[in-house]
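Q: only geometry, no sequence info:
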């Protein structure tokens with residue numbers, strides 16, 4: 001889907017990496033109806049351990065958006081919540097405007113030392129005045145405005161693994177621009193590439209990004225895979241590979257292989273690996289339709305699924321394949337909405353459709369993809385639903401697992417609150433342990449939650 005021109009009319013909202021940034025009520029309603037049809041019609045659709053790190057453990061700090069739209073931080077183990085997104089008074093040199101009531105998308109640095117969030121200023125006529133990116137320390141101190149633009153709207157952002165940079169996707173006049181922002185604010189931002197749609201992944205050493213620009217499904221830009229080596233000077237080099245139908249690419253944890261979907265002359269796409277310098281492609285699995293995948297933390301295996309209808313939010317089953325292509329395991333034949341490896345690599349969490357309860361369900365398998373068991377059902381808030389719908393990109397920025405792999409973190413609507421699956425409403429942040437015979441506990445009230453994503 002192309003990004004339409006927008007002349008500053010109305011407050012901006014985040015939607016996706018490939019589409020418009022304003023979340024219109026009819027679109028939210030469409031998502032609700034779409035999932036409702038899927039739940040009601042699944043029968044008709046058919047079924048289709050890593051080494052210990054020497055770096056200090058990442059603190060289990062919870063960042064979340066509350067009903068008032070502000071960002072808060074609270075320890076996972078409990079304690080007082082601290083609001084960190086309130087900017088007191090006018091910042092020197094800042095254009096005057098009132099804050100738009102939009103999600104601020106809190107995102108942790110990999111070590112959980114700082115938190116980034118957006119801030120949108122609008123005029124009394126609901127025209128865009130400025131978009132900003134801020135960071136604060138984990139305790140809410142030391143606020144820094146590190147990026148601002150009067151005519152661009154943030155779509156998505158992700159910290160580099162070493163925490164020195166933030167890759168920021170912004171909506172330009174026609175395309176999406178990828179801007180590199182110095183996390184300290186001491187260096188000016190620099191534009192790296194443009195396209196629509198646009199997905200990316202950081203290299204483990206923070207010295208490059210893998211870019212997937214364009215789409216085989218009617219994107220505004222020609223489909224392309226490229227590696228952006230960071231300088232100075234920055235250099236973007238095409239891999240010369242025709243991509244298939246997928247969204248977010250990936251790097252193995254050692255940085256030696258790139259993961260993507262390659263198109264084929266016979267129309268059959270394959271999940272594939274290749275060196276960042278190019279060369280022979282290792283093809284792991286043939287597929288039909290759009291694919292999504294997640295690399296295991298140690299790079300030795302890959303979870304993947306595909307769907308033949310991009311208009312629905314779920315995929316047909318789930319498999320795990322070793323990256324040497326020798327071993328494959330069918331995890332489930334159920335309709336899958338999202339899946340996530342635990343940071344320690346011991347578990348694979350899967351979100352499936354629960355037809356009986358008209359809800360989503362958490363399930364968890366072991367690292368080989370075996371012994372799948374159900375943990376519980378839930379109804380996500382609107383923001384949580386959006387994260388699940390684009391889970392493969394959000395997984396590199398906003399963690400679903402607690403850093404120590406002890407629990408899954410997510411936002412649900414209040415019991416009996418039918419609004420929670422459509423327009424934004426009150427919700428609660430849940431922590432669901434993966435141990436048998438345990439239940440989710442409420443951490444705090446909120447509509448969106450982000451945990452740190454430990455660096456590889």
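A: Arrived safely. Small disclaimer: the values here were computed from a predicted structure and weren't measured. Numbers count the residues shown, from 1 in each chain.

Q: What's the mean pLDDT across the longest strand along the chain?
A: Criterion DSSP state E: the longest strand present in the chain is strand 328-341. Averaged across strand 328-341, pLDDT comes to 97.

Q: do stretch 446-456 as well
A: On average, stretch 446-456 scores 94.

Q: Could you tell me how far that stretch lies from the centre of the chain?
A: 10 Å (C-alpha atoms, centre = their mean, to the nearest Å).

Q: Show the end-to-end separation of that stretch, please.
A: One end of stretch 446-456 to the other measures 29 Å (C-alpha to C-alpha, to the nearest Å).

Q: tell me the domain boundaries of this protein?
A: The chain is divided into the following domains under automatic domain parsing: 1-41+59-86+95-193+380-456, 288-378.

Q: Just the buried positions in the longest strand of the chain, please.
A: 329, 331, 332, 334, 335, 336, 337, 338, 339, 340, 341 (16 or more other C-beta atoms under 10 Å). C-beta here means a position set from N, CA and C on the backbone, and glycine is covered the same way.

Q: From the residues you listed, pick the one nearest residue 213.
A: residue 338 (23.5 Å; C-beta to C-beta).

Q: Apart from its chain neighbours, what residue comes closest to that closest one?
A: The shortest distance from residue 338 to any non-neighbouring residue, by C-beta to C-beta, 6 or more residues apart in numbering, is to residue 391 (3.7 Å).

Q: Tell me the spacing between that neighbour and residue 311.
A: Note on residue 391: its distance to residue 311, by C-beta to C-beta, to the nearest Å, is 17 Å.

Q: between the two, who's got more neighbours?
A: Using other C-beta atoms under 10 Å, the more surrounded residue of residue 391 and residue 311 is residue 391, with 22 against 7.

Q: Distance-wise, check the more buried one relative to residue 110.
A: 19 Å.

Q: likewise residue 359?
A: For residue 359, the distance to residue 110 (C-beta to C-beta) stands at 32 Å.

Q: the more surrounded of these two?
A: Taking neighbours as other C-beta under 10 Å, residue 359 and residue 110 compare with residue 110 leading, 24 against 16.

Q: looking at this, that one is in a helix?
A: No - per DSSP: H, G, I helix; E, B strand; the rest coil, residue 110 lies outside any helix segment and is coil.

Q: shouldn't it be in contact with residue 163?
A: Yes - if you go by C-beta atoms under 8 Å, residue 110 and residue 163 touch, sitting 5.7 Å apart.

Q: what's the overlap in contacts for the two?
A: residue 455 (C-beta atoms under 8 Å, 6 or more residues apart in numbering).

Q: Serialize the buried residues of strand 328-341 to TSV and add fields for distance to residue 282.
A: What follows is those, written out as TSV (distance: C-beta to C-beta, whole Å):
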residue	distance to residue 282
329	18
331	21
332	25
334	28
335	29
336	24
337	28
338	26
339	22
340	24
341	20
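
Q: what ranges do the strands span in the stretch 301-450 of the chain?
A: Remark: strands assigned in the stretch 301-450 of the chain by DSSP state E, counting those that start in this stretch are 301-307, 315-322, 328-341, 347-354, 359-366, 373-378, 407-413, 427-433, 441-445, 448-450.

Q: Does the longest one pack against any helices or strands, and if so which?
A: Meaning strand 328-341. The contact analysis (3 or more C-beta pairs under 8 Å, 6 or more residues apart in numbering; DSSP states H and E) places strand 328-341 against strand 290-295, strand 301-307, strand 315-322, strand 347-354, strand 359-366, helix 382-389, helix 391-394.
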